[in-house]
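Chemist: Give me a model of this one.
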Amino acid sequence: MMQSVILVVATALATWFIMRWLRWRPAPAEPLTGEEKEIGRARDIGTQLDGARDRASLVETERNRVALAKAVKAALWVTDARLNLAVPELLQLAQRWAGKSKVRGKKWTPPEGVTQIESVDDPNSPSAAWVSKYHHWRLESECRPSILPEEIEEDMRTCKVFVDRELVLDMTISSKDSKVVWIDALTVGPWVSELLEFAGEQKVDAQARSSDRSAQRHQDRADKIHW
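Modeler: Numbering: from 1, shown residues only. You can find the predicted model right below:
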């Protein structure tokens, strides 16, 4: 008798647990339609693209930061080397070697060892080329209005240096004080010291000529004064 009661109770409990489990178990998902599948795939692709775009944005930001730091370093280096002053001065002197410029009727003779001189004396786009110490040198310049008038009021001047027809320096400087604005190309090499040395020699020679002319003018005046 007791065993029968226990069996009935156990059967009832088992039935109760099974019914609760069946009631709580989520209903089987219905198969997705083709449209729903496409929507899901599109959502997954959008999530992937958002992640890729975020990663690309971070990479681009870092690349821009490195590029800007490199450009600033180049501008500081060119300024420290005084190339922003030496290149325009040397180009101006080279105009005289080709007979494009005269001072009181006297032609300037080219420095010793300088051959194959070419020159364009356009005031807005001057250039000069020559061969010296087995290298072909070419300097170009171009004056133009600033493209950033709200930041830089004076005109800009681009200066390019070619050594053996290879561009080694492309800089933009202020026409007013030759301050470096930005650098578009720079290849550091032995040409830097060679150009600076050569430009320094020509500047000293030009100053000596100017001093000699000034002294001669004073002497000519003195010779015409009689007490």
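Chemist: now the strands for the chain?
Modeler: 102-103, 106-107, 115-120, 127-132, 135-144, 156-163, 166-174, 180-186 (DSSP state E).
Chemist: Is it possible to get CSV of the ones you listed that adds distance to Asn84, mean neighbour count and mean pLDDT?
Modeler: Just so you know, the C-beta spots here come from the backbone N, C-alpha and C atoms, and that holds for glycine as well. Listed next are these as CSV, based on distance: least, C-beta to C-beta, whole Å; neighbours: other C-beta atoms under 10 Å; pLDDT from 0 to 100:
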stretch, distance to Asn84, mean neighbour count, mean pLDDT
strand 102-103, 25, 11, 46
strand 106-107, 29, 11, 58
strand 115-120, 21, 13, 89
strand 127-132, 17, 19, 93
strand 135-144, 12, 17, 92
strand 156-163, 8, 20, 94
strand 166-174, 5, 19, 94
strand 180-186, 5, 17, 90
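Chemist: Of the ones you listed, which is nearest Leu90?
Modeler: Evaluated over the strands of the chain, closeness to Leu90 peaks at strand 135-144, with 6.5 Å, by C-beta to C-beta.
Chemist: hmm, back to that, among the strands of the chain, which comes closest to Ala69?
Modeler: In terms of C-beta to C-beta, the element of the strands of the chain nearest to Ala69 is strand 180-186, at 12.4 Å.
Chemist: got the angle between that closest one and strand 156-163?
Modeler: For strand 180-186 against strand 156-163, the angle by axes from the mean of the first three to the mean of the last three C-alpha atoms, to 10 degrees is 30 degrees.
Chemist: Output the contacting helices and strands for strand 180-186.
Modeler: When contacts are defined as 3 or more C-beta pairs under 8 Å, 6 or more residues apart in numbering; DSSP states H and E, strand 180-186 sits against helix 34-81, strand 166-174.
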